[in-house]
Each structure stands twice: as structure tokens, then as C-alpha cells.
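A.B. asks: Sequence first, predicted model second:
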Amino acid sequence: REEVVTLPVVVHVVHNPAVPGQDIGDEQIHSQLAVLNRDFRAANPDREKVPPVWRPLVADAKIEFRLAAVDPEGEPTDGIIRVATERRSFSFDDAVKASATGGSDPWPTDQYLNIWVCQLGGGLLGYAQFPGGPPQTDGVVILHTAFGTTGTATAPFDGGRTATHEIGHWLDLYHIWGDDDGACTSDDRVADTPNQADANTGSPVFPHISCGNGPNGDMFMNYMDYTDDNAMFMFTRGQVTRMNACLEGVRASFLV
Ligand code: ARG
Ligand code: ZN
Ligand code: CA
């Protein structure tokens, strides 16, 4: 694809007023948008850390993210919705995505990328819905302390990469290890990412070999692994091809 696609974003900040910090500031939201706009254009400065053998694979997804300027009624907006909740925390169950369950209803999910930012329990940093799921729960959810690079963002997840990873899923990318718990039997359906056994965490040292993928080993610096924010800094050409197919297929409503 030649042209850059711009995705309108609405951020739902769902916060409990009794718990300080959850009502994150505009600056933290803007810091997250800035990260996305670097990572999906391969303009992130840390791409220099990609091992030389994989540099030719680093790819520009040609996607930009812009806080919505017009709401579903056609009125001007800053693309940020703040909703108070009585819930102290949310989970993987999508309650944050509906006002009836203490969350915030989505804007039309075929026109806006909905991002819910809230407290999440159980060590969950975020989760996404893959393309093709129910419209009323489409979008991504991010823990507020793993969102953006300022405010409540907390190391080692203060680089904005949780949203990069979750939006990767939203655009049809699978985990780079194929979610097969070390079996090496299933992969991410992307040819240029090495088959890898399991998730990597922290900040691994190159090379980390698994599934007979030597000498270069796992591409643990890929956004679709589970490494720390400052240890992940690339999408590949094959991954961008999958994201493009999604945008031209299931998510084609964003192209008009
Ligand atoms: N869904 C993953 C989790 O909750 C997100 C991992 C994001 N990784 C990161 N370095 N930010 O664990
Ligand atoms: Zn994931
Ligand atoms: Ca692969």
C-alpha cells in the first residue's frame, strides 16, 4: 500500500473517583498516540537495536492514529471520553466496554478504533478483540499504568508498547510464538518471523534459540512477543502484509 491510512481513535478513560490515578491526564493519552505513530511507521528510534540480520525485515505499516475530531453525532470532540465507575478494577470479560456493566459504550467500531483505559486485575496489561468479532466489544483495553509514557505509566511497561501489541492483535496479528506452549507445532502464520517455542519476557540477550531456529533464534524484539517495553521495537514485512490484508478485508470500513 502506498498511502498512509489514518485511523480515528476514541479513548475511553473509565476511572473510579475513589481511587487516585485512574483518571489519567490528556498528556498521558497524547504520549500514547505519539508512540503508536512512531511504531506503526517504523519511526521509533529504538529500531536501531534490531540485530543486523533482521534489519531488512523491519517494516513500516503505514498506519497513523489520530484522536477523533468528530463524534458519532457529527459534533466536534477531542476524542477522549471520561466515565466514572464504581468498579475498582476490570478484567478480560469486556465489562469495561458497556455502560450497563460500569464501563463506557463504544463509538461505532467500524469507524473508530475504541481504546478503553482502566484498572485491570490479575496482572493483565491489556487485551484485544481480533477482527471479525462482535461489533459491540471491538477494540482494545489497556491498563492505565501500561498506557503512554507519562503520568501513571510505570516501568517496565511505560513505553506505550502494550497498545502497540494489542492493536497488532486488533489488526489480526498472532503472538509470535504461536500460542502452543512450547510445542513448536503452531506458529503465527507469518513466514518471516522465526518459529519460536514460547513467550519471552524481560529483556533477553540475542540470540535466544528455540524450536531449532538457530543461529538467530527467537525474534524476541518483535512487538508480538511479551518482552519489556524497551526490549520490543519491530514489526516485520510479513506482519505488515497481514495487517494490510485485515485493513483491506474485515476492517475495510476504515479505508473510505
Ligand atoms: N496481553 C499482554 C499481557 O497482558 C500484553 C503484553 C504487552 N507487552 C508489553 N511489553 N507491553 O500480558
Ligand atoms: Zn497478546
Ligand atoms: Ca513465523
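C.D. replies: Perfect, I can see it now. Ligands and ions are numbered 1, 2, ... in the order given.

A.B. asks: Do any residues in the longest helix along the chain lie close to ligand 1?
C.D. replies: When the chain is parsed with DSSP state H, its longest helix is helix 26-39. No. Judged by C-beta under 6 Å from any ligand atom, helix 26-39 and ligand 1 are separated, with a smallest distance of 10.7 Å. Every residue, glycine included, has its C-beta placed from N, CA and C.

A.B. asks: Give me the contacts around that helix.
C.D. replies: 9, 11, 13, 43-45, 64-67, 78, 80, 117, 142, 147-153, 159-161, 163-164, 167, 223, 233, 235 (C-beta atoms under 8 Å, 6 or more residues apart in numbering).

A.B. asks: Ok, stretch 128-139 next?
C.D. replies: For stretch 128-139, the external contacting residues (C-beta under 8 Å, 6+ apart) are 94, 97-98, 106, 108-110, 113-116, 140-141, 166-172, 246, 249-251.

A.B. asks: These: which ones sit near ligand 3?
C.D. replies: Among the contacts of stretch 128-139, none lies close to ligand 3 by the criterion of C-beta under 5 Å from the ion.

A.B. asks: just checking, which of those belong to helices?
C.D. replies: E166, I167, G168, H169, W170, C246.

A.B. asks: Now the second one: closest residue in space that isn't a chain neighbour?
C.D. replies: What that stands for is I167. What sits nearest to I167 in space, not counting adjacent residues and going by C-beta to C-beta, 6 or more residues apart in numbering, is V140, at 6.0 Å.

A.B. asks: surely G21 meets A153?
C.D. replies: No. In this structure, G21 is not within contact of A153 by C-beta atoms under 8 Å, at 10.8 Å.

A.B. asks: which residues do the two both contact?
C.D. replies: In terms of C-beta under 8 Å, 6+ apart, G21 and A153 are both contacted by the residues T145.

A.B. asks: how close does I176 sit to C246?
C.D. replies: Here the criterion is C-beta to C-beta, to the nearest Å. By it, I176 lies 17 Å from C246.

A.B. asks: Over to V190?
C.D. replies: 13 Å.

A.B. asks: which of these two has more neighbours?
C.D. replies: Taking other C-beta atoms under 10 Å, V190 and C246 do not tie; V190 has more neighbours (22 against 19).

A.B. asks: Tell me who's in contact with the nearest residue to the more buried one once chain neighbours are set aside.
C.D. replies: Spatial nearest neighbour of V190, excluding adjacent residues (C-beta to C-beta, 6+ apart): G238 at 4.0 Å. By C-beta under 8 Å, 6+ apart, G238 lies in contact with L57, V190, A191, D192, T193.

A.B. asks: Touching, D172 and A245? I think so.
C.D. replies: Yes. Contact criterion C-beta under 8 Å: D172 and A245 qualify, at 7.2 Å.

A.B. asks: quick one, which of the two is more surrounded?
C.D. replies: Neighbour comparison, D172 and A245: the larger count goes to D172, with 20 against 14 (by other C-beta under 10 Å).

A.B. asks: can you pull the pLDDT of the closest residue to that one other than its chain neighbours?
C.D. replies: Computed as C-beta to C-beta, 6+ apart, the closest residue to D172 that is not its neighbour in sequence is C246, at 4.1 Å. pLDDT, C246: 98.

A.B. asks: got it, and A163?
C.D. replies: A163 is assigned 99 on the pLDDT scale.

A.B. asks: Show me which residues of the stretch 51-200 of the chain are close to ligand 1?
C.D. replies: Residues of the stretch 51-200 of the chain lying near ligand 1 by C-beta under 6 Å from any ligand atom: L124, L125, G126, Y127, A146, F157, R161, T162, H165.

A.B. asks: Quick check: which ranges of the stretch 151-256 of the chain have low pLDDT?
C.D. replies: The stretch 151-256 of the chain contains no residues with pLDDT under 70.

A.B. asks: mind redoing it with 90?
C.D. replies: By pLDDT under 90, the low-scoring segments of the stretch 151-256 of the chain are 256.
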